[in-house]
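*Asks:* Fold the following and give me the result.
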Amino acid sequence: MSKVLIKGMLASAIFVALVGCNSDDDAKVATTCAEAGTDCKIFTVLHTNDNHGRFWENSNGEYGMAARKALIDQIRAEVSANGGESILLSGGDINTGVPESDLQDAVPDFIGMNEIRYDAMAVGNHEFDNPLAVLDSQRSIANFPMLAANIYHADGTTRYFEPYKIFDVNGVRIAVIGLTTKDTEKLGNLEYIQDIKFTDPTTEVAKVIAEIKANDSADLIFATTHMGHYADGKHGSNAPGDVEMARALTAGDLQAVIGGHSQNQVCMEPGTNEYADFQPGDDCVPDIQNGTYIMQAHEWGKYVGRADFEYFNGKLNLASYKLIPVNLKKTVEDAEGKKTTVFIGEEIVPDADLKQLLSYYQAKGQGQLGEVIAETDAKLEGDRAIVRGEQTNLGRLIAEAQRTKVNADFSIMNSGGVRASIAAGNISYRDVLTVQPFGNMVTLNTLTGAQVSEYLATVATFQRGSGAYAQITGVKMTVDCAASSVDISEINGKTYTAEGSYTFTVPSYNAAGGDGYPKLESVQTGYVDAEVLYTYFKDKGMIVAADFAPVGDIVYTNSNSVLGCQLN
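*Replies:* As a prediction, the model looks like this:
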């Protein structure tokens with residue numbers, strides 16, 4: 001037998017053996033983390049969003065940053081003991097909502113985030129409620145990056161914030177991209193963002209993903225966003241949110257979105273695009289769109305979202321997901337009808353060191369906030385879920401206070417500027433600042449009847465559920481939601497005419513085009529909204545809530561709701 005033939009036979013045998021080995025390996029490809037063994041990397045993403053000044057627990061002992069830290073430290077220890085690592089992200093909106101925080105430019109909130117050891121946050125629209133100098137100061141305080149790929153200086157070429165950050169989490173390179181709702185250009189205080197440009201988040205994230213992939217700098221790409229989650233992408237008057245963005249991208253390019261802005265628990269009915277009837281302590285299934293996990297943890301630090309991931313064979317698997325209540329409570333009733341308040345889940349003992357640190361800021365922020373200025377005989381309704389969808393006594397009261405202050409014919413108050421309810425009983429200065437924390441000026445505007453009709457055709461037809469939804473007093477009219485038109489019968493108790501001249505108030509934020517309102521050439525009255533409400537309450541002394549109840553002045557037609565325009 002020739003040497004050539006022997007070599008050929010040997011080569012063939014080796015080839016067959018190698019093929020056999022490969023076949024065995026293919027048959028043993030791991031399908032679970034346990035089968036993958038050390039090749040499986042486990043890590044946990046923890047997240048919160050829409051803090052809105054809630055560095056301190058509420059009067060019922062719920063949430064608060066000290067309890068949040070204790071819970072997160074406990075989870076981190078558990079994850080580490082199991083061989084994993086964790087990363088903590090925020091969906092933004094640290095600013096605005098609680099007087100003690102607002103009066104101190106959210107300094108205690110950022111200090112609290114440092115102590116809890118956040119790794120990154122998305123920039124929210126309420127980060128622009130203050131002058132840019134305040135935002136820059138907050139950024140200097142933060143020991144973590146504030147991320148926003150779609151916010152630029154006015155030149156449109158240089159970004160104001162870092163677009164993304166890459167983290168090594170238990171050996172997995174995770175790129176975290178920050179994105180901010182484009183609605184910020186109308187939701188942010190326009191006096192402070194005139195030198196800022198907001199671009200389309202979906203366009204921007206695609207560019208950043210392409211850059212990350214070209215540099216082969218990450219194994220996984222996540223986004224921390226402040227864009228909102230809207231079931232099945234039905235976003236109404238809001239800018240498109242996380243669902244629409246995920247659907248627009250190439251499947252597999254974006255593994256997860258940690259969101260904020262819409263302030264809801266993103267817990268879905270499995271296999272659907274519908275929200276589950278989630279209650280604190282329930283199981284939670286996040287949304288999945290185009291292969292992207294989408295998560296959000298309601299608001300105020302009421303929950304810490306916990307996503308336990310497994311990564312092997314180049315694929316990401318969500319092993320478990322929870323929204324963990326942070327000392328939330330519920331009322332229970334015993335057999336004798338006695339009601340008590342109990343914790344949902346186990347009580348979390350707040351971190352003592354952080355609570356002591358934050359107590360200084362809590363005391364400092366108190367000042368004269370407890371001053372009693374008036375009394376109300378019933379609840380003044382400003383809850384977000386209600387005031388953004390119907391005319392309420394508090395929305396109309398605020399509008400009436402502003403109208404009265406400058407003796408205008410009618411008044412408009414955007415419901416997004418009504419941030420809380422006022423309970424029956426004493427009304428304090430703290431209540432005023434909680435309801436109206438933004439410091440907008442009251443503007444006075446004069447238009448002809450025809451111009452008023454055109455203006456209200458836009459303002460009165462914003463869809464329910466949006467902060468643009470208008471609380472209106474002093475006008476009787478029928479609103480055609482489908483045609484985006486109004487038929488006005490009376491203004492300030494007098495018959496409307498197209499030729500007449502009418503004055504009205506609107507917050508400076510909206511007069512400048514905020515919330516998508518038409519821009520107005522306004523007279524700046526010099527009155528701050530909270531000051532006007534404070535004075536109105538103090539002058540009245542006793543508030544009869546029924547005096548401000550909706551009285552049928554506004555009738556909505558061609559709508560799926562009689563409470564306002566709702567076309568989907």
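*Asks:* got the contact list for stretch 512-521?
*Replies:* Here stretch 512-521 makes contact (C-beta atoms under 8 Å, 6 or more residues apart in numbering) with 186-191, 237, 414, 416, 443, 445, 455, 458-459, 462, 466-468, 506-507, 509-511. (C-beta placed from N, C-alpha, C; glycine too.)
*Asks:* mind redoing it with 6 Å?
*Replies:* By C-beta atoms under 6 Å, 6 or more residues apart in numbering, the residues outside stretch 512-521 that reach it are 186, 190, 414, 445, 455, 458-459, 467-468, 510-511.
*Asks:* Just the buried residues of those residues.
*Replies:* Among those, the ones that count as buried by 16 or more other C-beta atoms under 10 Å are 186, 190, 414, 445, 455, 459, 467-468, 510-511.
*Asks:* wait, which of those is closest to residue 170?
*Replies:* The closest of those to residue 170 turns out to be residue 467 (C-beta to C-beta; 39.8 Å).
*Asks:* For residue 417, see how far away that closest one is.
*Replies:* From residue 467 across to residue 417, the span is 8 Å (C-beta to C-beta, to the nearest Å).
*Asks:* Same question for residue 367.
*Replies:* Distance, residue 367 to residue 417, by C-beta to C-beta: 23 Å.
*Asks:* the more surrounded of these two?
*Replies:* Per other C-beta atoms under 10 Å, whichever of residue 367 and residue 417 has more neighbours is residue 417, with 23 against 13.
*Asks:* do you know how far the more buried one is from residue 517?
*Replies:* 11 Å.
*Asks:* Surely residue 460 is in contact with residue 479?
*Replies:* Yes - counting by C-beta atoms under 6 Å, a contact exists between residue 460 and residue 479, whose distance comes to 4.8 Å.
*Asks:* Quick check: neighbours shared by these two?
*Replies:* residue 486.
*Asks:* Low-confidence stretches in the protein?
*Replies:* Filtered on pLDDT under 70, the chain yields the residue ranges 1-27.
*Asks:* Show me it divided up by domain.
*Replies:* Using automatic domain parsing, the domain parsing of the chain gives 41-361, 368-557.
*Asks:* Quick one: end-to-end length of the shortest one, please.
*Replies:* Terminal residues of domain 368-557 are spaced 46 Å apart (C-alpha to C-alpha, to the nearest Å).
*Asks:* and if you look at the longest one?
*Replies:* For domain 41-361, the separation between the terminal residues is 41 Å (C-alpha to C-alpha).
*Asks:* so what's the residue most central in space within the chain up against?
*Replies:* With distances taken as C-alpha atoms, centre = their mean, residue 261 lies nearest the centre of the chain, 1.8 Å away. Going by C-beta under 6 Å, 6+ apart, residue 261 touches 181, 226-228.
*Asks:* Could you check how far residue 278 is from residue 268?
*Replies:* Distance from residue 278 to residue 268, by C-beta to C-beta: 9 Å.
*Asks:* now residue 565
*Replies:* With the distance defined as C-beta to C-beta, residue 565 ends up 27 Å from residue 268.
*Asks:* Can you pick out the residue with more neighbours from the two?
*Replies:* Between residue 565 and residue 268, counting by other C-beta under 10 Å, residue 565 is the more crowded of the two (24 against 20).
*Asks:* count of residues packed around the residue lying closest to that one once chain neighbours are set aside?
*Replies:* Distance criterion C-beta to C-beta, 6 or more residues apart in numbering; nearest residue to residue 565, sequence neighbours excluded, is residue 481 at 3.6 Å. Applying other C-beta under 10 Å, we find 21 residues neighbouring residue 481.
*Asks:* Contact partners for residue 481?
*Replies:* 461, 556, 558-559, 565.
*Asks:* What's the ChimeraX line that selects buried ones from those residues?
*Replies:* Per 16+ other C-beta under 10 Å, the buried members of the contacts of residue 481 correspond to this ChimeraX selection:
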select :461,556,559,565
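*Asks:* Of the contacts of stretch 512-521, which belong to helices?
*Replies:* In helices, judged by DSSP state H, the following of the contacts of stretch 512-521 are found: 186, 455, 458-459, 510-511.
*Asks:* Can you name the two of the residues you listed that sit furthest apart?
*Replies:* Spatial extent of those (C-beta to C-beta) is set by the pair 186 and 455 at 16.1 Å.
*Asks:* Dump the ones in helices among the contacts of stretch 512-521 to CSV, plus distance to residue 358.
*Replies:* As requested, the ones in helices among the contacts of stretch 512-521 are arranged in CSV below (distance: C-beta to C-beta, whole Å):
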residue, distance to residue 358
186, 33
455, 45
458, 43
459, 40
510, 34
511, 37
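*Asks:* related to what we said a few turns ago, tell me which of the contacts of stretch 512-521 is nearest to residue 318?
*Replies:* Distances from residue 318 to the contacts of stretch 512-521, taken as C-beta to C-beta, are shortest for residue 467 (32.0 Å).
*Asks:* can I assume that closest one is in contact with residue 418?
*Replies:* No - with contact defined as C-beta under 6 Å, residue 467 does not reach residue 418; the gap is 9.0 Å.
*Asks:* so where do the helices sit in the stretch 1-150 of the chain?
*Replies:* Along the stretch 1-150 of the chain, the segments classed as helices by DSSP state H, counting those that start in this stretch run 3-27, 33-36, 65-81, 99-102, 107-116, 132-141.
*Asks:* That should have said the stretch 251-400 of the chain, apologies.
*Replies:* Secondary structure of the stretch 251-400 of the chain (DSSP H, counting those that start in this stretch): helices located at 352-366, 384-387, 393-406.
*Asks:* What is the longest one packed up against?
*Replies:* The reference is to helix 352-366. Judged by 3 or more C-beta pairs under 6 Å, 6 or more residues apart in numbering; DSSP states H and E, helix 352-366 is in contact with helix 65-81, helix 107-116.
*Asks:* and the gap between residue 223 and residue 472?
*Replies:* In terms of C-beta to C-beta, residue 223 sits 38 Å off from residue 472.
*Asks:* what's stretch 34-45 in contact with?
*Replies:* Under the criterion C-beta under 6 Å, 6+ apart, residues 30, 33, 79, 84-87, 169-172, 307-312 lie in contact with stretch 34-45.
*Asks:* can you pull out the helices in the stretch 451-568 of the chain?
*Replies:* Listed in chain order, the helices of the stretch 451-568 of the chain (DSSP H, counting those that start in this stretch) span 508-511, 529-540.
*Asks:* So which bits of the last one are buried?
*Replies:* This means helix 529-540. Buried residues in helix 529-540 (16+ other C-beta under 10 Å): 529-537, 540.
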